[in-house]
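1. Just need the structure, nothing else, for what follows:
(chains A and B)
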Amino acid sequence: MTTSTRSAGSAAGNTLRRGRRRPVESIVQVLLVAAALVSIVTTVGIIIALANPTIEFFQQVSIVEFFTGTSWTPTFLQKAYGVLPLVSATIVVTVIALVIAVPIGLGSAIYLAEYAKPGTRKVLKPVVELLAGVPTVVYGFVALFALNPLLQKWWPTENGPGFQNLLIAGIAMGIMIVPTIASISEDAMSSVPRSLREGAYALASTKMQVSTRVVVPAAISGIVAAVVLGISRAVGETMIVTIAGGLTSDRVVFNPLEGAATMTAFIANISSGDIPVGSLDYDSVFAVGALLFLITFALNAVSIRMVRRFREVYE
Amino acid sequence: MSIRDVSAAASPPENESEVTTVNPDTTSRPAVNIAGVQPAAGHQPRPTTPVMELSGVSVYYGAYEAVRGTSMPIQEKQITAMIGPSGCGKSTILRSLNRMNDLIPGARVTGSVTYHGQDLYAKEVDPIEVRRRIGMVFQKPNPFPKSIYDNVAYGPRVTGMKVANMDDLVEKALRDAALWDEVKDKLKTSGLSLSGGQQQRLCIARTIAVKPEIILMDEPCSALDPIATAKIEDLMFELSNDYTIVIVTHNMQQAARVSHYTSFFTAEVDEKQERHGRLVEFSPTGKLFTNPTDKRTEDYITGRFG
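-> All right, here's what the predicted structure looks like:
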């Protein structure tokens, strides 16, 4: 009975065998795989492109000199290849940016997640995120020609900030990364379960105590991830520091009132000039680029790990 | 267990003594206590004065009236249970007793809730002060992602209590919540590392650490297994020596086992097909479960409804 039914069924078109071809299915799959591969191939390509000139660079300049030298003057007659001036300028700008961005970003996140009414939040959050879309060249320009003159005018002492300086570049960069920090921290705080807030309110907490003692600690890994992402954006940011940060790199500058070239500013500047391909100057750009790549890569890795840890807690 | 199960098991009136006494040997407690027909259900109420009074309390969410005209007293150092089917507004009423409904946008309370004669909803009343005196334990244990110690110390810290020795206070609260022996060697570990029942006792410890006068419990055992439930029930009875307790429960046997007074709520459907919660009957627990005044109460506790 069963066998006959089965054969009868198959004759009647009840078969479950693959019959119809679905060519679109496989084409779509190939296209999607290709799309996914693009970013992987690009990353690998960047590493390869950086590796070769970087290796050539280190054949002529010792790693010790690169990491300990306090003067970076590849375009001078007296050439020096100590990367510290570029690194220190990058650190100074990044620290200033964080001093600006972390309080403002966290403040906005706490306001949006805990204080704002649902309607207000619905309007404000996209506005904050929109700020992230302002081109950095605009920030750089505004910093140099609008903010810096004000800063110079209001500066209380004699030796105020110069035409280009790390302080104004850091401030502009801080404003630039506020949306990143605010938006990701707000996501982290919003995903703290409501039950925790209720528990805290039921213990006679004020709104501020609930925010700072329960919600922020519970969301801390997400907040740290937001800050790390902000740092990696700041370290990799180019336009603001190129326009407003200055170009000095023959000595280590820690005074934020002076101008100095960050790693990115150096690369942008020297890349736009005429340097012969294959020369040591040319290779030096790649060496700095490789260092920058490593730093941002490490920061992103830390950030991803933080986000993952934070997800584990509540999901 | 659903109410239907109760009705099936409700006819043979056995195990009377199981209900009236809180059995310290909790694991041996029978799984089913037949609440509906216990002649001596509930603890004998002691003659006391009400610490809180609800009169004509209605709670609205926006334009929707979730609970209508509730009037009942909350007696001092007694356990008052609130029972009834889902959606009958018992949790809503509970949350109006320490102004937790303030946190829900659009929630509004009419009528009067008084605490020692003061209107809880008067303009000059600070909800933070209300919640310092009237604490709450929730349905799902919600310890903070902090250490056990910090969970308990949280309340005293945020309320600025003058504490001579925080260690002593934490130990006392954990002892009172019958959790000390299980956690005394790991006070620095996260409260989230505990089992569900332990977490709930931690939440109770956290609540009593601020020395409230009243503890509200919103189905505190519904996420727990029977053994953990029994522990919490024993604890509640223990705590009623010092605290006034109001408990919302889905579980009639629980109300019968632990409470002195019981209020029965139900949901009515009006002409616009909207459901409104309503208090049907408030009585000493023994009376409500054996000799209810209202037909609807009787139907519910004997399982003919709900």
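
2. Next to chain A, which bits of chain B? Give me the list.
-> Neighbours of chain A within chain B, by Cβ under 8 Å from any Cβ of the partner chain: B:98, B:100, B:103, B:105, B:128-129, B:131-132, B:135-136, B:138, B:140, B:142-146, B:154-155, B:158-159, B:203, B:206-207, B:210. Any C-beta I mention is one placed from the backbone N, CA and C, and that applies to glycine too.

3. ok, of these, which come out buried?
-> B:98, B:100, B:103, B:128, B:131-132, B:135-136, B:138, B:140, B:142-146, B:154-155, B:158-159, B:203, B:206-207, B:210 (16 or more other Cβ atoms under 10 Å in any protein chain shown).

4. Give me the subset of those residues that lies in helices.
-> Counted as lying in helices by DSSP state H, out of those, are B:128, B:131-132, B:154-155, B:158, B:203, B:206-207.

5. from those, which single one is nearest A:Gly222?
-> Nearest to A:Gly222 among those is B:Tyr154, at 21.2 Å by Cβ to Cβ.

6. Tell me, how many residues neighbour A:Thr296?
-> By other Cβ atoms under 10 Å in any protein chain shown, 16 other residues sit near A:Thr296.

7. same deal with A:Thr206?
-> Count around A:Thr206 with other Cβ under 10 Å applied: 16.

8. per-residue pLDDT, it?
-> With respect to pLDDT, A:Thr206 scores 94.

9. Verify the contact between it and B:Glu129 for me.
-> No: A:Thr206 is beyond contact range of B:Glu129, at 11.0 Å (criterion: Cβ atoms under 8 Å).

10. Please identify which pair of the ones in helices among the buried ones among the residues of chain B next to chain A lies farthest apart.
-> The farthest-apart pair in those, when distances are taken by Cβ to Cβ, is B:Ile128 and B:Cys203, at 19.1 Å.

11. quick revisit: for B:Ile93, state which of the ones in helices among the buried ones among the residues of chain B next to chain A is nearest.
-> Closest approach to B:Ile93 among those (Cβ to Cβ): B:Arg131, at 16.3 Å.

12. Can you give me the neighbour number for the nearest residue to the closest one once chain neighbours are set aside?
-> Leaving out its chain neighbours, the residue that sits closest to B:Arg131 by Cβ to Cβ, 6 or more residues apart in numbering or on different chains is A:Ala204, at 4.4 Å. Neighbour count of A:Ala204, defined by other Cβ under 10 Å: 25.

13. contacting residues for A:Ala204?
-> Residues near A:Ala204 by Cβ atoms under 8 Å, 6 or more residues apart in numbering or on different chains: B:128-129, B:131-132, B:155, B:158-159, B:210.

14. now swap in A:Glu114 and tell me
-> A:Glu114 touches A:189, A:207, A:210-211, A:215, counting by Cβ under 8 Å, 6+ apart.

15. would it count as being in a strand?
-> No: per DSSP: H, G, I helix; E, B strand; the rest coil, A:Glu114 lies outside any strand segment and is helix.

16. any weak-confidence spans in chain B?
-> Chain B contains residues with pLDDT under 70 at B:1-42, B:305-306.

17. Check which helices and strands the helix or strand harbouring B:Thr70 sits against.
-> Assigned by DSSP states H and E, B:Thr70 belongs to strand B:64-75. Secondary-structure packing of strand B:64-75 (3 or more Cβ pairs under 8 Å, 6 or more residues apart in numbering or on different chains; DSSP states H and E): strand B:50-61, helix B:90-96, strand B:107-115, strand B:244-248, strand B:261-269, strand B:275-284.

18. What separation do you get for B:Arg108 and chain A?
-> 16 Å (Cβ to the nearest Cβ, to the nearest Å).

19. Also B:Ile83?
-> In terms of Cβ to the nearest Cβ, B:Ile83 sits 22 Å off from chain A.

20. Please state the backbone phi and psi of that residue?
-> Main-chain torsions, B:Ile83, degrees, to the nearest 10: phi -120, psi 170.

21. Make sure it is actually in contact with B:Ser91.
-> No: look at B:Ile83 against B:Ser91 with Cβ under 8 Å: they stay out of range, at 11.6 Å.

22. most centrally placed residue in chain B?
-> With distances taken as Cα atoms, centre = their mean, the residue of chain B nearest its centroid is B:Ile247 (1.5 Å).
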